[in-house]
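S.K.: Give me a model of this one.
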Amino acid sequence: MYKNLLFDMDMTILDFNMAERQALSGALQHLGLEPTEEILKRYNEINLSQWKLLEKGELTREELKVRRFRLLFEEMGIDIDPKEGAANYEPRLAQGSYYMEGARELLEKLQGQYAMYIVSNGTANIQHSRIAGADLAKYFDDIFISEEVGYNKPDQRFFDACFKTIEGRLGQPLNLEETVIIGDSLSSDIQGGNRVGLDTIWFNPKGEGERGDFKPQGEFPDGMRPTYEIRTLEQLPVLLQMQ
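M.R.: Numbers count the residues shown, from 1 in each chain. Have a look, this model is predicted:
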């Protein structure tokens, strides 16, 4: 039976895509640019690719913040300093506190039944601002943000640091068999959980249909196969009660 739930934040609890879209639109307009669907879509693709590099340790967080705008502006032929793009984008992103569908109701249902923690890759000041805007902290026993921890998911050291803090709070070792990580990213959440011996629940809202057996479908990259797969957040309490 699971007693400890580790939740990814972006695109699991909070809707990062909406926050990104609103922030980027505002930043581009401030710079005198039209936030066309083409630019918004391409930025999203570039940003995701840069976060993958960060997860692999091939890029620093500070490099990522500017590089994604440099790549976007170069590709779109925009003659603006990418540092200006980053400077106008980040304060707006910090205001993006939008819940995923069913997320608030899920947390209210689970609160008190489990020890719950946020484990997020992200920039600390932005994540804390979004957490405060969503009044999210009240649902969780602790919040771990990669910039503050010093390592990014899926690095084992990220999880080791989280576990050490949790164990200090508990006054005893954390039972990994009673702990599960829930997230939308195979490369950070699922791979990270697999590396440290946790069961993993992949939140895959883009999958077809709502499977009731929770078995992962299809092929997965090495080290990224989840223990379970859900298509909606409403399925999570059902799965947890089965354990």
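S.K.: Around Gly85, count how many other residues there are.
M.R.: For Gly85, the count of nearby residues is 25 (other C-beta atoms under 10 Å). In short, each C-beta sits where N, CA and C put it, glycine included.
S.K.: repeat for the one 5 residues further on
M.R.: Residue neighbour count, defined by other C-beta under 10 Å, stands at 16 for Glu90.
S.K.: okay, and for the chain, where does confidence drop off?
M.R.: Where the chain drops to pLDDT under 70, the residues are 208-212.
S.K.: Show the residue spans covered by the strands in it.
M.R.: Using DSSP state E, the strands of the chain run over 4-7, 115-120, 142-145, 179-183, 199-203, 228-230.
S.K.: In JSON lines, list those along with mean neighbour count.
M.R.: Formatted as JSON lines, the strands of the chain follow (neighbours: other C-beta atoms under 10 Å):
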{"stretch": "strand 4-7", "mean neighbour count": "24"}
{"stretch": "strand 115-120", "mean neighbour count": "23"}
{"stretch": "strand 142-145", "mean neighbour count": "18"}
{"stretch": "strand 179-183", "mean neighbour count": "26"}
{"stretch": "strand 199-203", "mean neighbour count": "24"}
{"stretch": "strand 228-230", "mean neighbour count": "22"}
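S.K.: would you turn the ones you listed into JSON lines with distance to Asn152?
M.R.: Converted to JSON lines, these look like this (distance: least, C-beta to C-beta, whole Å):
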{"stretch": "strand 4-7", "distance to Asn152": "15"}
{"stretch": "strand 115-120", "distance to Asn152": "10"}
{"stretch": "strand 142-145", "distance to Asn152": "10"}
{"stretch": "strand 179-183", "distance to Asn152": "13"}
{"stretch": "strand 199-203", "distance to Asn152": "17"}
{"stretch": "strand 228-230", "distance to Asn152": "24"}
